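Novice: I would like to see how this sequence folds:
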Amino acid sequence: MLAPVQEIARRVAHEEIMPRFRHVTAAIKADGGLLTEADIAAQQALMDWLPQLVPFPVLGEEMTTDAQQFLWAANQAGLWVVDPVDGTTNFARGLPCFSVSIALMRAGRPVLGVVYAPALGECFSAVAGHGAWCNGETLRSGADVPLAEAVAAIDIKRLSADLAVGVVRNRPYHAQRNFGASTLDWCWLAAGRMDVMLHCSQKLWDFAAGALILQEAGGQVATLESEDFWVGKPWQRSVLAARTPALFAEWREWVLARRPSAA
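Specialist: The predicted structure follows:
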């Protein structure tokens, strides 16, 4: 089923998203995020096409909170989770770092994930227990590097004050990047372009496909509260991740020692 899902991601991107790239205006949502007509059109297309592959409902970012919570609670046997345009601010400003993200979930965990970045020409994918790929090439976690040489994907504005000060003033890594698209952070971690990740507030559609891609590439992920990333509420989940287990252990020890609860 992976190939048809990839084809849907490409079709949505090239029919609903790319024709509007650099030709779109954005409105501000109640939560402060941006919304464009591409977000709405792409979500509707995904809602139309994905259930034709497997007849499960589609939960999308641009639905109401009530609708999202109802779909999540009522469809643990099977549910499509999509972010029609992740990185909407980038998209609206003409920056190429945005994607379509699709995950098929069962019992709260993804079994298939696709993240397609149309402006970059890259399609990342994974199937639980079978591996991860980028444009058909197998993704592997790669060789270990010490934390001091790592490139970190960190959304600083969402960190607690203690962690924010630590990662800026006393950083244990070599460099920090944030490209404004959580789904791509996951994929670039899986591809070895970055090494560790820290985020304190991702939602279901931010991590559903990407976390599976990282895990299937050999990476490791947890939350700040639990070693099992897939437990807890899906609407606001912290992320502590690395592309190899050894690097994960070093990164996790450093981060947890600087959490406010550690004092």
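Novice: please report the distance of residue 14 from residue 73.
Specialist: As for residue 14, its distance to residue 73 is 34 Å (criterion: CB to CB, to the nearest Å). Yep, even glycine has a C-beta here, placed from its N, CA and C like the rest.
Novice: which one of those two has more residues nearby?
Specialist: For residue 14 versus residue 73, neighbours defined as other CB atoms under 10 Å are more numerous around residue 14 (12 against 8).
Novice: in contact with that one, which residues?
Specialist: Neighbouring residues of residue 14 by CB atoms under 8 Å, 6 or more residues apart in numbering: residue 118.
Novice: assign a three-state SS to it, would you?
Specialist: Using DSSP: H, G, I helix; E, B strand; the rest coil, the structure places residue 14 in helix.
Novice: so for it, what's the pLDDT?
Specialist: You'll see residue 14 listed with a pLDDT of 97.
Novice: middle-most residue in the protein, spatially?
Specialist: residue 183 (2.8 Å; CA atoms, centre = their mean).
Novice: now do the same contact list for it.
Specialist: Residue 183 makes contact with 83, 86, 87, 99, 101, 115, 206, 209, 210, according to CB under 8 Å, 6+ apart.
Novice: can you pull out the helices in this protein?
Specialist: Secondary structure of the chain (DSSP state H): helices at 2-12, 37-53, 65-74, 88-93, 161-169, 182-190, 204-216, 245-256.
Novice: name the residues of the fifth one that are buried.
Specialist: Within helix 161-169, the residues scored as buried using 16 or more other CB atoms under 10 Å are 163, 164, 166, 167.
Novice: and the residue lying closest to residue 94 once chain neighbours are set aside, how far is that from residue 91?
Specialist: Nearest residue to residue 94, sequence neighbours excluded (CB to CB, 6 or more residues apart in numbering): residue 22, at 4.6 Å. Distance check for residue 22 against residue 91: by CB to CB, it reads 9 Å.
Novice: contact partners of the helix or strand of the chain with the lowest mean pLDDT?
Specialist: Taking mean pLDDT, DSSP states H and E as the measure, the chain has strand 26-28 as its least confident helix or strand, at a mean of 78. Strand 26-28 is contacted by residues 34, 35, 36, 88, 89, 92 when judged by CB under 8 Å, 6+ apart.
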